[in-house]
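>>> Below are the sequence and a predicted model; questions follow.
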Amino acid sequence: MAVTTNILRSYRAPRSVIRALIAANRGDERPEARGFIYLLAGLLLIFISQIPDLVGAGTTSLALTQDMVGEDGPAPTDARLAITLFSWLFVWPLILYLFGGLTHLLAKGFGGRGQGVDARLALFWAVLAVSPLFLLRGMASVSQAGSLVMVVNYAIAAGFLWIWLSGLIEAEFPAREKSE
């Protein structure tokens with residue numbers, strides 16, 4: 001099934017989506033690669049969604065500019081873009097790999113029977129699944145509607161937690177199949 005269809009289905013039935021992704025990953029000779037691609041695609045979309053704020057077109061751009069003022073004035077736009085791109089594509093994957101591993105170990109402590117790669121896949125899929133909401137947040141930021149940005153931020157948090165926790169439960173505590 002297409003990734004975009006799975007993203008939409010993730011908001012309705014995240015456990016069935018992650019179950020299908022884990023099953024597809026089982027037959028792959030490099031199971032970590034699929035999750036990593038999901039993570040990088042999601043983080044790239046999140047970076048793209050922040051471009052209006054970084055170039056000064058969004059509602060939060062004033063706060064960013066004030067935070068990035070040094071002795072020589074505000075940081076140049078290309079420097080802000082480069083630092084943010086580096087952060088999203090090199091630093092955040094390391095943090096999320098660490099977080100995925102820790103949640104897997106925590107689930108093991110509670111009796112989880114899954115594999116680490118499946119727990120990371122659930123986390124990485126959640127990042128990709130909420131990335132379209134970040135694009136919506138970027139558009140709301142450009143419209144200068146601060147209250148709309150706040151609502152979208154809450155939707156991002158709720159969507160991420162819903163998809164990730166449902167996926168983590170499915171990865172670590174899969175439903176037992178009926179034996180016939």
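Cool, got the structure.
>>> can you pull out the helices in the protein?
Under the criterion DSSP state H, helices of the chain are mapped to 3-12, 14-26, 31-55, 61-67, 77-86, 92-109, 116-142, 146-172.
>>> deepest of those, which one?
Highest mean neighbour count of the helices of the chain: helix 116-142, a mean of 23 (counted as mean count of other CB atoms under 10 Å). Quick note: C-beta positions are derived from backbone N, CA and C, even for glycine.
>>> And it, what does it pack against?
Here helix 116-142 touches helix 3-12, helix 14-26, helix 31-55, helix 92-109, helix 146-172, going by 3 or more CB pairs under 8 Å, 6 or more residues apart in numbering; DSSP states H and E.
>>> Out of the ones you listed, flag the one nearest residue 139.
For residue 139, the closest of the helices and strands packed on helix 116-142 is helix 31-55, at 8.1 Å, according to CB to CB.
>>> tell me the mean pLDDT over the closest one?
Taken as a whole, helix 31-55 carries a mean pLDDT of 94.
>>> who does that helix touch, helix- and strand-wise?
Looks like helix 31-55 contacts helix 14-26, helix 61-67, helix 77-86, helix 92-109, helix 116-142 (3+ CB pairs under 8 Å, 6+ apart).
>>> Contact partners for residue 127?
Counting by CB atoms under 8 Å, 6 or more residues apart in numbering, residue 127 makes contact with 38, 39, 42, 43, 46, 96, 160.
>>> go again using 6 Å as the cut-off
Residue 127 is in contact with 39, 42, counting by CB atoms under 6 Å, 6 or more residues apart in numbering.
>>> ok, now the one 4 residues further on?
Contact partners of residue 131, counting by CB under 6 Å, 6+ apart, are 42, 45, 46.
>>> Surely the last one is in contact with residue 134?
Yes: counting by CB atoms under 6 Å, residue 46 does reach residue 134; the two are 4.7 Å apart.
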